[in-house]
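K.L.:
quick check, what structure comes out for this input:
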Amino acid sequence: MDIQRKASQEPAETLIHPTHTSTLEKLGSLTFENLWNTGAFPLFPSIDTRHQDKTLCYLPLDRQEGLYIKRQMIARNSQQMKIANRPSLACECQALVIAEGCGVSTPEWVFFGRSVLQGNPVELLITKALPRSAIRMDLWLMESLLGHEQAFISTMDDVATNVKRLHQQRLRHGALHPRHIFIDQQSNKTWLLDFEMSVTHQTSTAAAAGDLDQLTQALTHYSPCAPGLFRNAYRRSKPTDIRERTA
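P.N.:
Numbering: from 1, shown residues only. Reported below is the predicted structural model:
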């Protein structure tokens with residue numbers, strides 16, 4: 001599905017995951033305006049990146065379930081036209097749809113919408129929250145490298161499988177840094193997050209090149225052996241196509 005094409009239309013254009021309607025119904029009306037104004041706890045303060053004002057919030061639904069809510073306002077001026085024509089949350093949702101289809105572990109997308117509020121183009125992306133036991137990889141690395149070699153290797157294998165499966169779809173993450181990878185401290189399951197800079201390439205090799213360089217360079221800050229362990233895990237990884245597993 002072409003989310004970016006749908007998102008360019010007026011008035012509000014929305015996309016709801018077919019299996020998560022009941023989750024959204026817990027928030028009341030499914031209109032864009034209601035979901036945009038839903039109260040939630042800010043995870044990070046509002047930031048201004050390339051004139052795009054963004055907020056990331058967490059909304060608990062019950063003891064076991066919660067939602068991440070991303071809101072974005074895009075400035076309309078001549079210098080930002082290129083960015084406005086390629087909204088990052090639309091890119092992220094498009095990537096999450098692709099990731100879901102090929103078995104990449106990511107937060108499950110629930111809702112995407114684009115509209116104009118008070119004259120400003122805005123976007124909204126809602127995903128299911130990760131378990132509370134999940135932490136960022138950069139924080140996990142500081143602990144895992146202290147005498148937990150086997151856990152480190154098995155987790156790197158899972159990260160590599162997720163990343164390689166993504167590249168097999170010719171999709172480059174675009175910001176593959178340990179802070180955009182989360183790890184469950186109990187099961188060592190991993191998730192890829194923050195696909196706002198994702199780009200589709202003509203080949204899987206082209207998609208992989210930038211991501212692998214970016215992640216291995218970042219890993220050098222934690223351990224001299226970490227980049228090699230990841231690249232070896234990536235080379236060994238032979239992800240099963242999700243369509244083969246469900247056939």
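K.L.:
could you use CA atoms for every contact and neighbour count after this?
P.N.:
OK.
K.L.:
quick one: the helices in this protein?
P.N.:
3-7, 21-25, 32-36, 81-84, 88-102, 137-144, 149-168, 204-219, 226-236, 242-245 (DSSP state H).
K.L.:
of these, which approaches Asp194 most closely?
P.N.:
Nearest of these to Asp194, taken as C-alpha to C-alpha: helix 88-102 at 6.9 Å.
K.L.:
low-confidence regions, this protein specifically.
P.N.:
1-12, 44-52, 75-87, 144-149, 240-247 (pLDDT under 70).
K.L.:
got the domain ranges for it?
P.N.:
As recorded under automatic domain parsing, the domains making up the chain are 3-128, 134-236.
K.L.:
can I get the ones you listed in a markdown table with mean neighbour count?
P.N.:
Compiled in a markdown table, the domains of the chain are given as follows (neighbours: other C-alpha atoms under 10 Å):
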| stretch | mean neighbour count |
| --- | --- |
| domain 3-128 | 17 |
| domain 134-236 | 18 |
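K.L.:
in a markdown table: the helices of the chain, plus distance to Asp53.
P.N.:
Listed next are those as a markdown table, based on distance: least, C-alpha to C-alpha, whole Å:
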| stretch | distance to Asp53 |
| --- | --- |
| helix 3-7 | 18 |
| helix 21-25 | 24 |
| helix 32-36 | 14 |
| helix 81-84 | 12 |
| helix 88-102 | 11 |
| helix 137-144 | 25 |
| helix 149-168 | 28 |
| helix 204-219 | 25 |
| helix 226-236 | 34 |
| helix 242-245 | 36 |
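K.L.:
identify whichever of those helices lies nearest to Gly174.
P.N.:
Closest approach to Gly174 among these is made by helix 204-219 (6.3 Å; C-alpha to C-alpha).
K.L.:
residues in contact with the closest one?
P.N.:
The list of residues contacting helix 204-219 from outside it, by C-alpha atoms under 8 Å, 6 or more residues apart in numbering, reads 164, 167-178, 199-201, 226-228, 230-231.
K.L.:
give me that answer again for 7 Å
P.N.:
167-174, 176-177, 201, 226-227 (C-alpha atoms under 7 Å, 6 or more residues apart in numbering).
K.L.:
Leu125: which of the residues you listed is nearest?
P.N.:
Using C-alpha to C-alpha, the contacts of helix 204-219 come closest to Leu125 at His173, 17.3 Å.
K.L.:
you'd agree that closest one is up against Leu193?
P.N.:
No - here His173 does not reach Leu193: they are 9.0 Å apart, not a contact under C-alpha atoms under 7 Å.
K.L.:
got any residues that touch both of these two?
P.N.:
With C-alpha under 7 Å, 6+ apart applied, the contact sets of His173 and Leu193 do not overlap.
K.L.:
that older thread, so for Glu123, which of the helices of the chain sits nearest?
P.N.:
Per C-alpha to C-alpha, nearest to Glu123 of the helices of the chain: helix 88-102, 6.6 Å.
K.L.:
now do that closest one: distance to the chain's middle.
P.N.:
Chain-centre distance of helix 88-102: 8 Å, with C-alpha atoms, centre = their mean, to the nearest Å.
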